[in-house]
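>>> Pasting the sequence and the predicted model now:
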Amino acid sequence: MNHTKLNKYARSVSIIGVGCTPFMYTVDNPETNGLTEGEMFGYAALKAMEDAGITAKDVDFYFHGEASPLNGSNYLTPGVQIANWFGMKGKANIHHSEACCTGYLAIEEAANAVASGKYNCVLTGCVEFGDSTPSPADNVESPKHPYKRDKMTMEKFLKTTAWLYDRNYARSFMAPMELIYDDAAEDYVRTRGISAQEMDDTLNWMAINNRRNAAKNPLALERKEFAEIAKEKGFDDVMAYMRSPYNPKMGDFLRMEGVERKCDGAAAAIVCATEMIPQIAKNLKHKPIEVLGIGCSALEATNPHFEIRATEEAVRQVYELTGVKPEELDLFFANDFIITSHLVSAEIAGYLPYGEGWKYICEGRTAYDGDKPINTNGGRTSFGHAHAASGLADIYEACMQMRGECGERQVKKLPKTTMLRGYGGAQNVAAVLLRTMD
């Protein structure tokens, strides 16, 4: 079946180049302390152009994504400010911000721009300093140093999450929650009929599998496996360590290792009209990855079970749009800054069977070397979470896996069709379908 004939794009669109920085704590390392937003974004952008075999002259337009420009860059128009760093001074661009879903919707923005026929080749990139903020970090109004940054404490970060809520609607709740940790886990226990202990084991195994994947990824933030950490702490059994006070509960279900590692990073992709690839990317050395379609939904965070409901809608849209069936998926990614996300979204997408996904996870089948791999880069808890950049980092990993270029963490079966479920800011959800071009 030629799925491209079913979708609503005016012409086929493909990803021909990807780039990604290591995800890191820049201010903690003398070699990276002082990196600017332009340098980070520029690194990823230039890597994506190099991967596609093109130069900045071949790019018609670029998109710049950042989840929290007010807090992270202190720019009003961050996309314009950094063009010099990757050779696009004077080129038109758009800045966009959809919280932690920004990187997934970066592909939506780029695909729509090219599919419309207005542009033939665009760059889409995202950057985030999730672990630091312009110095001095006292308030957003004070004059900032051009490149010095201060650590972003969790206390300061949680204050910014108040920006995610409609305060008029939230007023009736008296005190809206800053983050919702346990909703998906509680819903899964209640609707699938598993025990609290089985959910605890599942959450721990998701973290273990993420770390196994990240351990073989040179770009990942955390690369020491939990089995090794457990031995260092005097535990013979990794699960005993995961259930110990070294991995404390933060609520009814979620533990510390099931929460994002907020950090700094950037990622980018080159999106091109498939029909124009022979003219624009004459030196392309790999198969293009076609963007089959994208489904999107958004629910403000005071809606009950907003992540689950928005994921259901986004997945419904993309399957209807493309004609792809769940059984065709070879690889799955989910933005899992709350780690339960990759369990519930994989079941909603039909990648894992309803009510059985937790077993697949506990059996190790969702690690890179299993038959149902999820988040082969390590996910948000081990690869790291540079908010806006995370979605495009997943796109980077998906394309590398589909091209068979992931080395030790390459999945057993070369993926042809991949779904990525983006989620961010207690609001936006995207479901992206990619397919390797024949």
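Nice, I can see it.

>>> okay, CA-based contacts and neighbour counts for the rest of this
Fine.

>>> Going by contacts, tell me the helices and strands next to the longest helix seen in the chain.
Counting by DSSP state H, the longest helix found in the chain is helix 196-214. Judged by 3 or more Cα pairs under 8 Å, 6 or more residues apart in numbering; DSSP states H and E, helix 196-214 is in contact with helix 183-192, helix 238-242, helix 357-362, helix 379-382.

>>> how far is the one helix or strand residue 110 maps to from where the chain is centred?
Per DSSP states H and E, residue 110 falls inside helix 102-115. Relative to its chain's centre, helix 102-115 lies at 14 Å (Cα atoms, centre = their mean, to the nearest Å).

>>> Just the element for residue 395, please.
For residue 395, the host element (DSSP H and E) is helix 387-402.

>>> elements contacting the helix or strand just after that helix?
Of the helices and strands lying after helix 387-402 in sequence (DSSP H and E), the nearest is strand 417-424. If you count contacts as 3+ Cα pairs under 8 Å, 6+ apart, strand 417-424 packs onto strand 331-334, helix 387-402, strand 428-436.

>>> mind listing what the residue nearest the centre of the chain touches?
For the chain, the residue sitting closest to the mean C-alpha position, by Cα atoms, centre = their mean, is residue 391 at 2.7 Å. Counting by Cα atoms under 8 Å, 6 or more residues apart in numbering, residue 391 touches 100, 101, 102, 103, 104, 335, 422.

>>> swap in residue 148?
Neighbour list for residue 148: 33, 34, 134, 135 [criterion: Cα under 8 Å, 6+ apart].

>>> With residue 271 instead?
Shown in contact with residue 271 (Cα under 8 Å, 6+ apart): 13, 14, 15, 16, 17, 110, 111, 114, 121, 122, 123, 124.

>>> The protein: strands as residue ranges?
Remark: strands assigned in the chain by DSSP state E are 13-20, 61-65, 93-96, 121-129, 132-134, 149-151, 264-273, 289-298, 331-334, 417-424, 428-436.

>>> residues in contact with the last one?
Spelled out, that is strand 428-436. 98-99, 101, 104-105, 287-299, 307, 310-311, 314-315, 318, 402, 416-423.

>>> Can you flag the buried ones in those?
Buried subset of the contacts of strand 428-436 (neighbour count, 16 or more other Cα atoms under 10 Å): 98-99, 101, 104-105, 288-299, 307, 310-311, 314-315, 318, 402, 416-423.

>>> May I see the buried residues of stretch 328-341?
The neighbour-count check on stretch 328-341 (16+ other Cα under 10 Å) flags 329-341 as buried.

>>> number of nearby residues for the residue nearest to residue 19 when sequence neighbours are not counted?
Closest residue to residue 19 apart from its sequence neighbours, by Cα to Cα, 6 or more residues apart in numbering: residue 48 at 4.2 Å. Look at residue 48: counted by other Cα atoms under 10 Å, it has 28 neighbours.

>>> Residue 48 contacts residue 15, doesn't it?
No: at 9.9 Å, residue 48 does not count as touching residue 15 under the criterion of Cα atoms under 8 Å.

>>> which neighbours do those two share?
269, 270.

>>> the bottom helix or strand of the protein by mean pLDDT?
helix 167-170 (a mean of 70; mean pLDDT, DSSP states H and E).

>>> quick one: the residue nearest to residue 271 when sequence neighbours are not counted from residue 430, how far?
Ranked by Cα to Cα, 6+ apart and with sequence neighbours excluded, the top spatial neighbour of residue 271 is residue 15, at 4.5 Å. Residue 15 sits 17 Å away from residue 430, going by Cα to Cα, to the nearest Å.

>>> Ok, residue 400 next?
Going from residue 400 to residue 430 by Cα to Cα gives 21 Å.

>>> Mind checking which of these two has more residues around it?
Ranked by neighbour count (other Cα under 10 Å), residue 400 and residue 430 place residue 430 first, with 30 against 17.

>>> Dump the helices and strands packed on helix 196-214 into TSV; add mean neighbour count as well.
Listed next are the helices and strands packed on helix 196-214 as TSV, based on neighbours: other Cα atoms under 10 Å:
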stretch	mean neighbour count
helix 183-192	16
helix 238-242	18
helix 357-362	22
helix 379-382	30
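
>>> closest one to residue 86 among those?
Between residue 86 and the helices and strands packed on helix 196-214, the tightest spacing by Cα to Cα is seen for helix 379-382, at 27.1 Å.

>>> Done for today, thanks.
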